[in-house]
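>>> can't give you the sequence, but here's the structure:
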Ligand SMILES: *Cc1c(COP(=O)(O)O)cnc(C)c1O
């Protein structure tokens, strides 16, 4: 509690801003500087470069789902919905988990949230005490570090190790990162930004460690349906001993290409979900009334995510071949809509510097991998020359980007 009070007195926001390198102290006082994502999007807008930095689709999701949301607004689904989410959507999430993964989920243990972002934030704020430690993979999705800091907890990232076949879990490093203060493992698979989909044996390793040390596991599975080739995503909650200690988070944004709707969900053991719901009440209270019936309908119809994954697989190949032809070393992703490309073979050892110059050099914008690493970490230096490119853009946009990037090699 003392640590919490101290943090509050200093302003936890300041810790978060400093931790993520966001706080600028100028003569006119402190201000929050834009994230690298905002900086790169602004750079794309200013220079007319193709923005392959931020990961959002440039085509909307299924028309029938959009129509269902319009209908819901017309039909008067415009006031506060139930705090846990509407019954149809909670039932649809439970059915989805059973149909795809054989998980038995009680709809009453499903909580609808304002995107996966809120589910993760509410879970971390609910379960962490100041001084607790949270182990994540590194690189990590940027909101994790911010919310862990807001909770007054300590973030312990464990680097994924880059092999020619992709970024893989290091079980020994994960085990070594877990200590007496570790409260929670936060696992993201399929993994943003590397495109790694954890294998069954990697998931088993995580499960072993979680059971041995009696940890709660929070999983971020927002790319669950975006996997390629023969790769399949398996939720950690399906492994023996895991359902009773796992909070599973996903969201409709990536699956249905409606990233702006911000409807996510979390399910798990009743006690943990109640804790998350208690915090959610004071974050947003309820989430997006007219989107909930639309997504209940979407979840009941199965083929849309599969079609998206199939079309993304082709765009992934286009993107990877283009980057390789331009001279990057490419790590082919098995999931998500991102690919990691190393600029070192082109003579660039600083990815952030390359990102700032890329609009002028090749008319394209990307994000440096170091934006997903902690300053000074081993992963930060190992990934110093790597960039993240998205391929969730129309094929003609990607083709144009391929043509432009070829200039790098010319
Ligand atoms: C996009 C993303 C999120 C956020 O999902 P929302 O539903 O938009 O809040 C969470 N985790 C990862 C890894 C993401 O890429």
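Perfect, thanks for sending it. These numbers were taken from a predicted model, which means no experiment stands behind them.
>>> what bits of the stretch 201-350 of the chain have low per-residue confidence?
Within the stretch 201-350 of the chain, the ranges that satisfy pLDDT under 70 run 302.
>>> in it, what residue is nearest the ligand?
Residue of the stretch 201-350 of the chain nearest the ligand, by Cβ to the nearest ligand atom: residue 251 (3.1 Å). All C-beta atoms are positioned from the backbone trio N, CA, C, and that covers glycine.
>>> May I ask which helix or strand encompasses residue 348?
Take DSSP states H and E as the rule and residue 348 turns out to sit in neither a helix nor a strand.
>>> you'd agree it is up against residue 354?
Yes. Assessed by Cβ atoms under 8 Å, residue 348 is found in contact with residue 354 at 4.2 Å.
>>> Are there residues contacting both of those two? Which ones?
Shared contacts of residue 348 and residue 354, defined by Cβ atoms under 8 Å, 6 or more residues apart in numbering, comprise residue 385.
>>> Please report how far residue 136 lies from the ligand.
Here residue 136 is placed at a distance of 11 Å from the ligand (Cβ to the nearest ligand atom, to the nearest Å).
>>> Just want the phi and psi numbers for that residue.
Backbone torsions of residue 136, given as degrees, to the nearest 10, read phi -130, psi 170.
>>> when you give positions from now on, start the count at 29
With 29 as the first residue, the last one maps to residue 164.
>>> where does it land on pLDDT?
At residue 164, the model reports a pLDDT of 98.
>>> Residue 82 now?
What the model reports as pLDDT for residue 82 is 88.
>>> For burial, what's the neighbour tally of it?
A count of neighbours around residue 82, defined by other Cβ atoms under 10 Å, yields 15.
>>> and it, helix, strand or coil?
coil (DSSP: H, G, I helix; E, B strand; the rest coil).
>>> wouldn't it be in contact with residue 69 here?
Yes. Using Cβ under 8 Å, residue 82 is in contact with residue 69, at 5.7 Å.
>>> which stretches of the stretch 29-178 of the chain form strands?
With DSSP state E, counting those that start in this stretch, the ranges of strands along the stretch 29-178 of the chain come out as 51-54, 57-60, 78-79, 138-141, 161-166.
>>> Going by contacts, tell me the helices and strands next to the fourth one.
In this case it means strand 138-141. With contacts defined as 3 or more Cβ pairs under 8 Å, 6 or more residues apart in numbering; DSSP states H and E, strand 138-141 has these neighbours: helix 115-129, helix 143-155, strand 292-295, helix 298-311.
>>> highest average neighbour count across the ones you listed?
Among these, ranked by average contacts under mean count of other Cβ atoms under 10 Å, first place goes to strand 292-295 (a mean of 28).
>>> Contact partners for residue 329?
By Cβ under 8 Å, 6+ apart, the residues touching residue 329 are residue 92.
>>> If we use 6 Å, what do you get?
By Cβ atoms under 6 Å, 6 or more residues apart in numbering, no residues touch residue 329.
>>> Could you do residue 213 as well?
Taking Cβ under 6 Å, 6+ apart as the test, what residue 213 contacts is 163, 238, 243, 245.
>>> pretty sure it belongs to a strand, no?
Yes. Checked against three-state DSSP, residue 213 lies within a strand.
>>> Any idea what it is bridged to?
In this entry, residue 213 is beta-bridged to residue 163, residue 245, by DSSP bridges.
>>> List, one by one, the residues from this protein near the ligand.
Counting by Cβ under 6 Å from any ligand atom, the chain comes close to the ligand at 143-145, 169, 216, 220, 248, 250, 279, 281-282, 287, 290, 292.
>>> swap the cut-off to 8 Å and go again
Within the chain, the positions adjacent to the ligand are 83, 142-148, 169, 171, 216, 219-220, 248, 250-251, 277, 279-282, 287, 290-292, 364 by Cβ under 8 Å from any ligand atom.
>>> In terms of secondary structure, what does the host helix or strand of residue 204 contact?
Taking DSSP H and E as the criterion, the element that holds residue 204 is helix 199-205. Counting contacts by 3 or more Cβ pairs under 6 Å, 6 or more residues apart in numbering; DSSP states H and E, helix 199-205 packs against strand 182-187, helix 228-240.
>>> Just the buried positions in it, please.
199, 202, 205 (16 or more other Cβ atoms under 10 Å).
>>> cool, and stretch 423-430?
For stretch 423-430, the neighbour count (16+ other Cβ under 10 Å) marks 426, 429, 430 as buried.
>>> Among those, name the ones in helices.
426, 429, 430 (DSSP state H).
>>> how close does the residue in the stretch 129-278 of the chain that the ligand sits nearest to get to residue 287?
Of all residues in the stretch 129-278 of the chain, residue 143 sits closest to the ligand, at 2.4 Å by Cβ to the nearest ligand atom. For residue 143, the distance to residue 287 (Cβ to Cβ, to the nearest Å) stands at 8 Å.
>>> most residues in a single helix of the chain, which one?
Ranked by residue count under DSSP H, the longest helix found in the chain is helix 331-353.
>>> What residues sit buried inside that helix?
Residues 332, 333, 336, 337, 340, 343, 344, 346, 347, 348, 350, 351 are the ones in helix 331-353 that count as buried (16+ other Cβ under 10 Å).
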